[in-house]
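J.: build the 3D model from these lines:
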Amino acid sequence: MPKKAAKQHRLKPVPPIIQNAQHAVGPTPSSAPAPPVRPSRAAALFLISSALLSAQVPPITPRVGVGVTQKNLTLAEALEMALQNNFDIEIERTNVATAATAIRAAQGVFDPDLQFLPGYTTGDTPAGSVLQGANGRLSQNTLEQDFHYRQQLPWNGAQAGVDFVN
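T.: The predicted structure follows:
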């Protein structure tokens, strides 16, 4: 029987990136050291242009509201300026004033209640005889003046009051 010729397999060349990865990991027992990789002209051009672009610094723009002059402050002056310009402190001052007003409003339940109720009534009642009223009717005019004073007491919801009804 004739011998079959052994096929020789040719391996495709390994791309440079994979070669570099093999060097980073280390050579395998069956691999030979790869030749060093040379950067292409495009890669060199890219590196040079990126270096030039990163070297360019934008111009410095002047800060708005900041002058050239400096003012030297003492610690007391700096603290005073900080306290005057701190809006959180101003908010807390208004919170204290609001709480004081709320306390005063809650105490309003103990304010006295004074009432004056004036009244005037007139009435005509038909009379059965001329002796009971002129022209057969009895006229009445009444003037009323009522006073009421009430006070809520701070002890267990107690209330005191004085009434004058006329």
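
J.: list the buried residues for the longest strand along the chain?
T.: Longest strand of the chain, by residue count under DSSP state E: strand 137-152. Residues of strand 137-152 classed as buried: residue 152 (neighbour count, 16 or more other Cβ atoms under 10 Å). For every residue, glycine as well, the C-beta is placed using N, CA and C.

J.: that one packs against which elements?
T.: strand 113-126, strand 159-164 (3 or more Cβ pairs under 8 Å, 6 or more residues apart in numbering; DSSP states H and E).

J.: pLDDT weak spots in the protein?
T.: Along the chain, the model assigns pLDDT under 70 to residues 1-39, 52-58, 65-68.

J.: ok, which stretches of the protein are helices?
T.: Along the chain, the stretches classed as helices by DSSP state H are 16-25, 41-55, 75-84, 87-106.

J.: I'd like to check the angle between the third one and helix 87-106, please.
T.: To tie it back to what came earlier, the one meant is helix 75-84. Taking axes from the mean of the first three to the mean of the last three Cα atoms, to 10 degrees, helix 75-84 and helix 87-106 form an angle of 50 degrees between their directions.

J.: follow-up on the earlier one: now mean neighbour count and distance to residue 148 too, for the helices and strands packed on strand 137-152, in TSV please.
T.: Below are the helices and strands packed on strand 137-152 laid out as TSV (neighbours: other Cβ atoms under 10 Å; distance: least, Cβ to Cβ, whole Å):
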stretch	mean neighbour count	distance to residue 148
strand 113-126	10	4
strand 159-164	10	5
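
J.: can you tell which of these is closest to residue 91?
T.: Put simply, out of those the one that sits nearest residue 91 is strand 113-126, at 37.0 Å, with distance taken as Cβ to Cβ.

J.: mind listing what that closest one pairs with, with the direction of each?
T.: strand 137-152 (antiparallel) (DSSP bridges).

J.: now the partner strand and strand 159-164, what's the angle there?
T.: Taking the same axes, to 10 degrees, one finds that strand 137-152 is oriented at 160 degrees with respect to strand 159-164.

J.: returning to that earlier point: format the helices and strands packed on strand 137-152 as CSV; extra columns: distance to residue 76.
T.: As requested, these are arranged in CSV below (distance: least, Cβ to Cβ, whole Å):
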stretch, distance to residue 76
strand 113-126, 53
strand 159-164, 56
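
J.: between these, which one is nearest to residue 72?
T.: Of all the helices and strands packed on strand 137-152, strand 113-126 sits nearest to residue 72, with 63.4 Å by Cβ to Cβ.

J.: now the closest one - C-alpha only, CSV.
T.: Extracted in CSV, the C-alpha atoms of strand 113-126 (Å, rounded to 0.1, in the frame of the first residue of the first chain):
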residue,chain,number,x,y,z
ASP,A,113,-64.2,87.8,76.0
LEU,A,114,-66.2,90.9,76.6
GLN,A,115,-69.6,91.3,75.0
PHE,A,116,-72.1,94.3,75.1
LEU,A,117,-75.5,93.5,73.6
PRO,A,118,-77.7,96.6,73.4
GLY,A,119,-81.3,96.2,72.2
TYR,A,120,-84.5,98.2,71.6
THR,A,121,-87.9,96.6,71.1
THR,A,122,-91.2,98.2,70.4
GLY,A,123,-94.5,96.4,70.4
ASP,A,124,-98.2,97.1,70.0
THR,A,125,-100.7,94.8,71.7
PRO,A,126,-104.5,95.2,70.8
